[in-house]
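Enquirer: Generate a structure from the sequence data that follows.
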Amino acid sequence: MTDRVLIIGGRGRIGSSVAKDLAAHTQAQITLTGRDTGGIAANTSALMEAEYLALDLADKQALRKAVAASNLVIHTAGPFHYRDASVIKTCIDEGVNYLDVSDSRSFTRKALKCCDAAKTAGVTAIINTGIFPGISNSMVRRDVEQLDEAERIHLSYVVGGSGGAGITVMRTTFLGLQTPFEVWLDGKWQAVKPYSDRETVDFPEPYRKTGVYWFDMPESITLPESFPVKTVITKFGTNPDLYNHLTWFVAHYWPDSWLKNNRVIEFLSRVSYAMTSVSNQFSGIGVAVRSEVTGIKNGQQAKVCSTVVHENAADATGIGTGTIAQLILDGKLAQPGVWPVEQALSTDLFEQVMESRGFKIEQECF
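Expert: Predicted structure coming up:
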């Protein structure tokens with residue numbers, strides 16, 4: 001029988017990128033959802049034969065019906081800062097496997113609380129898939145496995161302009177500036193301020209030396225739980241560097257009441273999206289990820305560093321999620337429970353699916 005995949009928020013840039021990857025690498029029947037009855041956009045339908053379903057997540061009965069008719073549900077309807085766990089709970093109730101592209105700490109915690117229920121139901125639910133989080137998590141796992149003992153993880157990301165994504169990604173960025181967050185430093189949880197502590201990181205071409213800042217990512221809480229390290233650092237930056245300085249100014253000088261005002265967030269998101277629509281022509285819309293793990297190898301201090309670059313951040317997200325979806329549909333990845341990527345996906349499978357997409361990850365050991 002044909003597998004049926006439901007992509008919630010599938011008409012958006014990220015959702016359509018996931019659908020594009022699935023259409024190219026599986027025989028699944030794909031259904032994309034959106035909140036209106038407008039159908040599938042022409043540029044999306046040209047990529048695949050897909051169905052469209054108007055679905056409001058607040059309509060619990062309609063959500064349950066759509067989930068029950070599927071073999072796999074992929075949640076791409078962000079920003080996840082605003083989402084509850086209703087979709088993953090519905091999947092567990094209906095015995096349907098689940099993926100998402102969540103990038104929110106609060107949402108991640110809500111999803112992980114469903115782990116025992118998913119185990120009981122035999123549902124494999126993998127969260128935080130995509131490029132970062134997602135492929136980045138598996139890069140860390142592969143680096144950690146090169147060492148006898150890992151002590152410190154440093155993850156850095158840079159995105160060119162809008163990254164080829166829609167305005168939702170802009171909203172996510174500014175929502176991430178609202179409050180300080182805790183990170184695992186020197187064996188204890190410590191609070192840091194968003195977009196602080198600029199650090200220059202040497203990425204591969206075309207980004208090279210780029211400024212990155214503390215940013216609240218789900219990896220900052222899942223990686224310390226996955227690996228017994230003393231420190232986990234997650235930092236993010238943009239290209240051109242002007243946007244880093246503007247975001248830093250907003251994070252440090254705008255009143256908290258402004259940053260927690262939805263109308264202000266919407267204003268900032270729309271202005272930023274308009275700006276990147278122009279600068280994308282010069283900066284590109286690519287992404288680079290750099291994982292650096294330090295620790296002990298053969299009784300000596302050692303370091304493992306992995307890097308990857310893709311010309312389109314939205315497409316890279318589609319690959320990160322699409323590969324895991326394919327593994328689940330093929331029966332190669334079945335792990336009942338709710339898991340971040342690095343706990344569910346073995347390095348062998350990760351390397352296989354990256355190779356199948358021509359996704360080249362460089363790794364060096366020092």
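Enquirer: got the domain boundaries for the protein?
Expert: 4-129+315-349, 132-310 (automatic domain parsing).
Enquirer: Now do N244 against V232, distance only.
Expert: Computed as Cβ to Cβ, to the nearest Å, the N244 to V232 distance reads 22 Å. Placement of C-beta: from N, CA and C, glycine included.
Enquirer: now do P133
Expert: 12 Å.
Enquirer: and what of L63?
Expert: Separation of L63 from V232 (Cβ to Cβ): 34 Å.
Enquirer: For A125, which residues are in contact?
Expert: Listed by Cβ atoms under 8 Å, 6 or more residues apart in numbering, the contact set of A125 reads I88, C91, I92, N97, Y98, L99, A111, C114, A118, G337, V338, W339.
Enquirer: Please list all residues in contact with G15.
Expert: I7, I8, G9, L32, I74, T76, A77.
Enquirer: Number of residues surrounding the residue lying closest to L175 once chain neighbours are set aside?
Expert: Closest residue to L175 apart from its sequence neighbours, by Cβ to Cβ, 6 or more residues apart in numbering: H81 at 4.7 Å. Look at H81: counted by other Cβ atoms under 10 Å, it has 18 neighbours.
Enquirer: what's the answer for D36, then?
Expert: Counted with other Cβ under 10 Å, the neighbours of D36 add up to 8.
Enquirer: what kind of secondary structure is it in?
Expert: coil (DSSP: H, G, I helix; E, B strand; the rest coil).
Enquirer: residues touching the residue nearest to F282 when sequence neighbours are not counted, list them.
Expert: For F282, ignoring the flanking residues on the chain, the nearest one in space by Cβ to Cβ, 6+ apart is P240 at 7.4 Å. P240 sits next to G161, S279, F282, S283 when contact means Cβ under 8 Å, 6+ apart.
Enquirer: Dihedrals phi and psi, the first one?
Expert: Backbone dihedrals for G161, given as degrees, to the nearest 10, come out at phi 50, psi -130.
Enquirer: Check the last one too.
Expert: Reported as degrees, to the nearest 10, the phi and psi values for S283 are phi -90, psi -20.
Enquirer: who's more crowded, P133 and V232?
Expert: P133 (28 against 23).
Enquirer: Verify the stated contact: that one with P218.
Expert: Yes. Assessed by Cβ atoms under 8 Å, P133 is found in contact with P218 at 5.2 Å.
Enquirer: where do the contact lists of those two overlap?
Expert: Contact with both P133 and P218 is made by residues D103, P340, according to Cβ under 8 Å, 6+ apart.
Enquirer: could you pull out the helices for the stretch 1-150 of the chain?
Expert: Chain-ordered helices for the stretch 1-150 of the chain, with DSSP state H, counting those that start in this stretch as the definition, fall at 13-25, 42-45, 60-68, 86-94, 105-112, 115-121, 136-144.
Enquirer: Of all those, which one comes closest to Q190?
Expert: helix 105-112 (14.9 Å; Cβ to Cβ).
Enquirer: Run through the neighbouring helices and strands of that closest one.
Expert: strand 124-127, helix 219-226, strand 337-340 (3 or more Cβ pairs under 8 Å, 6 or more residues apart in numbering; DSSP states H and E).
Enquirer: Quick one: closest of those to Q190.
Expert: Nearest of the helices and strands packed on helix 105-112 (Cβ to Cβ): helix 219-226, 11.1 Å.
Enquirer: tell me the mean pLDDT over the closest one?
Expert: Averaging pLDDT along helix 219-226 yields 96.
Enquirer: what about that helix, distance to the chain center?
Expert: Here the centre of helix 219-226 is set off from its chain's centre by 14 Å, with Cα atoms, centre = their mean, to the nearest Å.
Enquirer: just checking, next helix/strand downstream of it?
Expert: Downstream of helix 219-226, the first helix or strand assigned by DSSP states H and E is strand 231-239.
Enquirer: That next one: partners in the sheet, and parallel or antiparallel?
Expert: strand 149-160 (parallel), strand 209-214 (antiparallel) (DSSP bridges).
Enquirer: quick revisit: quick check: neighbours shared by P133 and V232?
Expert: Taking Cβ under 8 Å, 6+ apart as the criterion, P133 and V232 both touch E219.
Enquirer: In stretch 142-158, which residues are buried?
Expert: Across stretch 142-158, burial judged by 16 or more other Cβ atoms under 10 Å covers 142-144, 146-147, 150-158.
Enquirer: measure A50 to V353 for me?
Expert: 22 Å.
Enquirer: Repeat that for L175.
Expert: Noted for L175: a distance of 30 Å to V353, by Cβ to Cβ.
Enquirer: Contact partners for G95?
Expert: A121, G122, V123.
Enquirer: nope, Y273 is what I was after
Expert: S162, G166, I167, M170.
Enquirer: ok, the closest residue to V87 other than its chain neighbours - how many residues close by?
Expert: In this structure, V87 finds its nearest non-sequential neighbour in H75, 5.1 Å apart by Cβ to Cβ, 6+ apart. H75: 28 surrounding residues under other Cβ under 10 Å.
Enquirer: ok so, going back, now tabulate the strands paired with strand 231-239 in CSV and tack on mean pLDDT.
Expert: Output for these, formatted as CSV (pLDDT from 0 to 100):
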stretch, mean pLDDT
strand 149-160, 97
strand 209-214, 97
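Enquirer: Let me have these in a markdown table, extended by distance to M1.
Expert: Putting these into a markdown table (distance: least, Cβ to Cβ, whole Å) gives the following:
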| stretch | distance to M1 |
| --- | --- |
| strand 149-160 | 39 |
| strand 209-214 | 46 |
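Enquirer: closest to I296 out of those?
Expert: Taking Cβ to Cβ, strand 149-160 is the member of the strands paired with strand 231-239 nearest to I296, at 4.3 Å.
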